[in-house]
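In: here you go, sequence then predicted model.
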Amino acid sequence: MPHVRRFGFSGVFAVGVVVVMVFGINPITVLTGQVAEPLPHTPLTALADLETGKATPEDLVDAVSRETNGFWERGFRSAAAFYPPVSLSMVESSRELGCGLSGSSIGTFYCPQNSTIYVDMAAYADLVAAYPAQGHLAQTYLIGLAYGHHVQNAQDLFETVSAPGLSAEARVVLEQRMSAQAACYTGASTKWAGLDMLLDDAATANAIASGLAGGGDVTRVPSRAEMALPRDFAPAPAAFNKAWFDAGYAIPAIGTCRLEKIGLPD
């Protein structure tokens, strides 16, 4: 065995590992006989695999949820603050939505009453059908925005919107500032996920606006009097939201988006 004498058994072993990896075989499988579990999707790999049919929309929702929730868990932990649990529920149609919104055409939204993000997969499919090139990217924004609202809820900010004695004019301004703050949080988690600055692309921004446009019947929900629903907030001007999304993207940290830093929309 001249080659073994020359390189030693460790050299032969190393070459063997390279060979099995070149042919797409996991070395752990060769050594142990056990099939290694595939790594979970990231938002980037899920988006890439959606184009080739190797991933599903559910894979993307799961990847964005896992990355975004992990980002905020670490952020709160580093600030020695409590991050309350949040769940995400993918439903097949609006009939299965919770938060008193069953049957509402609302798509993806955060329910502060039970700290749950609901993703209407039928609405998601409609978004992709309307925007084939941008629909999946728009969905990543909608999920990130829902988590941004959870971060607001973790800071007890929704109570300020529902505070008695707040004038209608003051409530509109506060809701607009909170909408911009949620966009800032979305920018931070978008950067963490390795995604591009989504609002820089006009077509993607239009798809996102379309995905946000389905909440027109939320004001008829009785629970509105008990706690403000984020998707019912008075929308901030698009340029104001983009400026704060960009700020969160540039410096992805919770301190970047503190409400006291967000001024009044033009």
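Out: Received it, and whenever you're ready, just let me know what you need. Numbers count the residues shown, from 1 in each chain.

In: all helices for the stretch 51-200 of the chain, in order.
Out: For the stretch 51-200 of the chain, the helices identified by DSSP state H, counting those that start in this stretch occupy 57-78, 121-130, 135-154, 158-161, 168-192, in order along the chain.

In: need these in a markdown table with mean pLDDT and distance to E260, can you?
Out: Quick note: C-beta positions are derived from backbone N, CA and C, even for glycine. Converted to a markdown table, these look like this (pLDDT from 0 to 100; distance: least, CB to CB, whole Å):
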| stretch | mean pLDDT | distance to E260 |
| --- | --- | --- |
| helix 57-78 | 97 | 18 |
| helix 121-130 | 94 | 34 |
| helix 135-154 | 95 | 14 |
| helix 158-161 | 81 | 12 |
| helix 168-192 | 93 | 10 |
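
In: out of those, which comes closest to N241?
Out: Proximity to N241, assessed across the helices of the stretch 51-200 of the chain by CB to CB, is greatest for helix 168-192 (4.3 Å).

In: that closest one versus helix 57-78: what angle between them?
Out: Note on geometry: by axes from the mean of the first three to the mean of the last three CA atoms, to 10 degrees, helix 168-192 and helix 57-78 are set 100 degrees apart in direction.

In: where does the stretch 151-266 of the chain dip in pLDDT?
Out: Counting by pLDDT under 70, the stretch 151-266 of the chain contains low-confidence residues at 214-229, 231.

In: and the nearest residue to S179 once chain neighbours are set aside, how many neighbours?
Out: Spatially, and ignoring its direct neighbours in sequence, S179 is nearest to A236 (4.4 Å; CB to CB, 6 or more residues apart in numbering). Residues near A236, counting by other CB atoms under 10 Å, number 25.

In: contacting residues around A236?
Out: A236 makes contacts with 176-177, 179-180, 183, 265, as judged by CB atoms under 8 Å, 6 or more residues apart in numbering.

In: what about it, helix or strand, and which?
Out: Taking DSSP states H and E as the definition, A236 sits outside all helices and strands.

In: show the backbone phi and psi for it.
Out: Note on A236: its backbone torsions stand at phi -80, psi 160 [degrees, to the nearest 10].

In: picking up where we left off before, neighbour count and distance to P85 for the contacts of A236 - can I get that in TSV?
Out: Formatted as TSV, the contacts of A236 follow (neighbours: other CB atoms under 10 Å; distance: CB to CB, whole Å):
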residue	neighbour count	distance to P85
Q176	20	29
R177	22	26
S179	26	24
A180	28	26
A183	28	24
P265	18	33
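
In: the residues you listed: which two are farthest apart?
Out: Applying CB to CB across the contacts of A236, the maximum distance is between A183 and P265, 11.6 Å.

In: is it true that T204 touches T190?
Out: No. With contact defined as CB atoms under 8 Å, T204 does not reach T190; the gap is 11.3 Å.

In: overlap in contacts, these two.
Out: A shared contact of T204 and T190, defined by CB under 8 Å, 6+ apart, is any residue touching both; here these are 141, 198.

In: the two: who's more crowded?
Out: Comparing T204 with T190 by neighbour count (other CB under 10 Å), the higher total belongs to T190, at 28 against 21.

In: surely the more buried one meets Y141?
Out: Yes. Using CB under 8 Å, T190 is in contact with Y141, at 7.2 Å.

In: tell me, what's touching the two both at once?
Out: Among the neighbours of T190, those also in contact with Y141 (CB under 8 Å, 6+ apart) are L198.

In: so what's the most centrally placed residue in the chain closest to, chain neighbours aside?
Out: Residue closest to the mean C-alpha point of the chain, counted by CA atoms, centre = their mean, is G144 at 2.7 Å. In space, not counting the residues next to it along the chain, G144 is nearest to T186; the distance is 4.1 Å by CB to CB, 6+ apart.

In: kindly report the same for H150.
Out: Using CB to CB, 6+ apart and skipping residues adjacent in sequence, the residue nearest H150 is V86, 4.7 Å away.

In: show me the contacts for that neighbour.
Out: For V86, the set of contacting residues under the criterion of CB under 8 Å, 6+ apart consists of 69, 115-117, 147, 150.
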